[in-house]
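next comes the sequence, and after it the predicted model I'd like to discuss.
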Amino acid sequence: MSILVYIESNENQIKKSSFELLSYAKELSKKLSLELIALVINCTNISTLQDFGPDKILSINQTKLNLFNAQNYAELISNVSKSTGAKNIIISDSVNCKYLGSLLSVKINAAFISNVVSIPSSTTPFIVKRSTFSNKAFCDIKVNSDIKILSISKNSFGVNKNKSEPIIESIENDFIESRIVCESVELSSGSVSIEDADIVVSAGRGMKGPENWNIIEDLANTLKAATACSKPVSDLGWRPHSEHVGQTGKPVSTNLYIAIGISGAIQHLAGVSSSKVKVVINTDPEAPFFKVADYGIVGDAFEVVPKLNEKLKAFQAENN
Ligand SMILES: Cc1cc2nc3c(=O)[nH]c(=O)nc-3n(C[C@H](O)[C@H](O)[C@H](O)COP(=O)(O)OP(=O)(O)OC[C@H]3O[C@@H](n4cnc5c(N)ncnc54)[C@H](O)[C@@H]3O)c2cc1C
């Protein structure tokens with residue numbers, strides 16, 4: 001019996017979120033005395049995984065798995081989970097994994113618990129905490145099924161090194177391909193995606209128009225951050241919908257979220273509440289965003305943002 005972790009990668013690089021998944025799974029494997037298996041799909045750069053304690057790494061390389069396809073991946077992971085006797089399958093909270101988790105749960109008759117934020121408080125019965133109501137509350141879930149799929153909220157557990165010497169096995173798996181084939185994927189905006197970013201620079205209607213986004217992009221470039229926006233900004237067509245953050249947009253769970261000219265309406269905050277540090281730049285000292293900010297600057301974005309960017313560049317030049 002085992003714990004199986006699905007390791008996500010991008011352009012042959014393991015995603016940082018996967019190290020957190022392994023750290024979580026290692027702790028769980030100690031608690032349940034189960035073998036810890038990492039499943040890597042179409043990524044050969046896997047040496048870093050051994051820093052996080054897997055007993056075994058299963059590596060599969062197949063061209064038909066080059067682009068993520070939830071149905072194909074669910075079929076594959078279901079086969080691997082059956083052959084390894086996986087009792088717990090650990091996945092991330094990425095958009096891809098949200099699709100994957102539900103399909104997989106049907107295939108292997110497992111309970112799917114999303115937004116898990118900590119190690120189970122009890123294993124018999126299995127009780128685990130998850131966040132709910134857009135991260136406004138937590139609930140303890142009692143899971144009755146034998147097999148469980150847990151999707152772990154980004155930044156909720158942290159990354160803990162735990163060196164191991166895993167057995168590495170290349171596996172072949174002939175699965176039934178889905179009827180839908182993804183032919184190509186193009187990034188809809190900047191080079192860093194909101195999902196994978198450690199830092200997000202986000203701006204709202206206070207920027208007055210799309211022609212002013214150069215200062216937001218400059219700051220994002222300096223910080224190697226992704227750019228994001230509020231809903232009205234994408235509704236107005238100033239920025240692509242893929243950048244829209246909030247209750248009806250993408251959730252953002254970064255280490256640093258910089259909100260510029262965004263009022264902080266409840267629907268926007270719902271998408272950013274699990275980000276660790278929030279910095280707000282707004283002309284209005286009464287803007288609701290300041291109530292949840294860790295750092296706030298009351299000022300005009302058109303003055304503050306270029307100055308902040310200059311200072312950051314100078315700091316980087318001195319410290320590199
Ligand atoms: C069902 C529903 C779902 C919704 N879902 C979402 C969602 O997912 N995401 C989302 O974002 N919104 C969502 N909204 C909309 C939300 O209620 C707000 O209307 C929206 O977030 C406001 O966007 P904003 O802060 O960019 O604009 P505004 O509310 O217009 O705020 C602009 C801010 O910029 C400041 N400002 C102005 N000039 C400057 C300057 N020069 N420098 C610095 N600051 C300046 C102002 O003081 C103000 O605080 C939803 C609404 C509904 C009803």
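The structure has been received and is ready for your questions. Residues are numbered from 1 along each chain as shown.

state the mean pLDDT of stretch 79-96.
In this model, stretch 79-96 has a mean pLDDT of 95.

same check on stretch 312-320?
93.

how about residues contacting it?
Leu219, Thr222, Leu223 (CB atoms under 8 Å, 6 or more residues apart in numbering). C-betas here are computed from N, CA, C, even on glycine.

any idea how many residues pack against the residue of the stretch 51-200 of the chain found nearest the ligand?
Going by CB to the nearest ligand atom, the ligand is nearest to Ser134 of the stretch 51-200 of the chain, at 9.8 Å. Ser134 has 18 neighbours, counted by other CB atoms under 10 Å.

strands along the stretch 151-300 of the chain, start to end?
For the stretch 151-300 of the chain, applying DSSP state E, counting those that start in this stretch gives strands covering 167-170, 199-203, 226-229, 256-260, 277-282, 295-298.

just send the contacts of stretch 312-320 back as CSV, with pLDDT too.
Below are the contacts of stretch 312-320 laid out as CSV (pLDDT from 0 to 100):
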residue, pLDDT
Leu219, 98
Thr222, 96
Leu223, 96
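
and the longest helix along the chain, anywhere near the ligand?
Ranked by number of residues, the top helix in the chain under DSSP state H is helix 301-319. Yes: with CB under 6 Å from any ligand atom as the criterion, the ligand is reached by helix 301-319 at Ala301, Phe302.

follow-up on the earlier one: what sits against the residue of the stretch 51-200 of the chain closest to the ligand?
Gln247, Pro251, Ala270, Gly271, Ser273 are the contacts of Ser134 under CB under 8 Å, 6+ apart.

now swap in Lys161 and tell me
Counting by CB under 8 Å, 6+ apart, Lys161 touches Ser23, Asp51, Phe52.

let's see if you can find the most crowded of the contacts of Ser134.
Gly271 (26 neighbours).

quick check: residues of the stretch 101-250 of the chain near the ligand?
Gly204, Arg205, Gly206, Ser230, Lys231, Pro232, Val233, Gly246, Gln247, Thr248, Gly249.

how many residues are close by the fifth one?
Think Lys231. If we define neighbours as other CB under 10 Å, then Lys231 has 20 of them.

now do Glu27
Neighbour tally, Glu27, other CB under 10 Å: 18.

for my notes, confirm it occurs in a helix.
Yes: if the criterion is DSSP: H, G, I helix; E, B strand; the rest coil, then Glu27 is within a helix.

so for it, what's the pLDDT?
97.

pretty sure it contacts Ile119?
Yes: with contact defined as CB atoms under 8 Å, Glu27 reaches Ile119; the gap is 5.3 Å.

joint contacts of these two?
With CB under 8 Å, 6+ apart as the test, Glu27 and Ile119 both reach Phe157.

so which of the residues of the stretch 101-250 of the chain next to the ligand comes closest to Phe289?
Distance to Phe289, by CB to CB, is smallest for Gly204 among those, at 9.2 Å.

how about that closest one, what does it touch?
By CB under 8 Å, 6+ apart, the contact set of Gly204 is Cys229, Ser230, Pro232, Val233, Ala259, Ile260, Gly261, Ile262, Ser263, His268.

quick check: closest non-adjacent residue to the fourth one.
Excluding its sequence neighbours, the residue lying closest to Val233 (CB to CB, 6 or more residues apart in numbering) is Arg239, at 5.2 Å.

what is the burial count for that neighbour?
The number of residues packed near Arg239 is 22, by other CB under 10 Å.

cool, Met1 as well?
For Met1, the neighbour count with other CB under 10 Å is 11.

what's the answer for Asn88, then?
For Asn88, the neighbour count with other CB under 10 Å is 25.

how about the nearest residue to it, chain neighbours excluded?
Ile3 (4.5 Å).

how many residues are close by that neighbour?
Under the neighbour criterion other CB under 10 Å, Ile3 is assigned a count of 27.

swap in the one 4 residues further on?
For Ile7, the neighbour count with other CB under 10 Å is 26.

can you name the residues that contact it?
Counting by CB under 8 Å, 6+ apart, Ile7 touches Ile14, Lys15, Ser18, Leu21, Leu22, Ala38, Leu39, Val40, Ile41, Cys43, Ile46, Leu49.

tell me the secondary structure at the fourth one.
Under the three-state scheme (three-state DSSP), the conformation of Leu21 reads as helix.

look at it and report its pLDDT.
97.

also the first one?
Among the per-residue scores, Ile14 shows a pLDDT of 95.

beta partners of it?
Counting by DSSP bridges, Ile14 is bridged to Ser9.

re the thing from before, surely the residue nearest to Asn88 is in a helix?
No: using three-state DSSP, the assignment for Ile3 is strand, not a helix.
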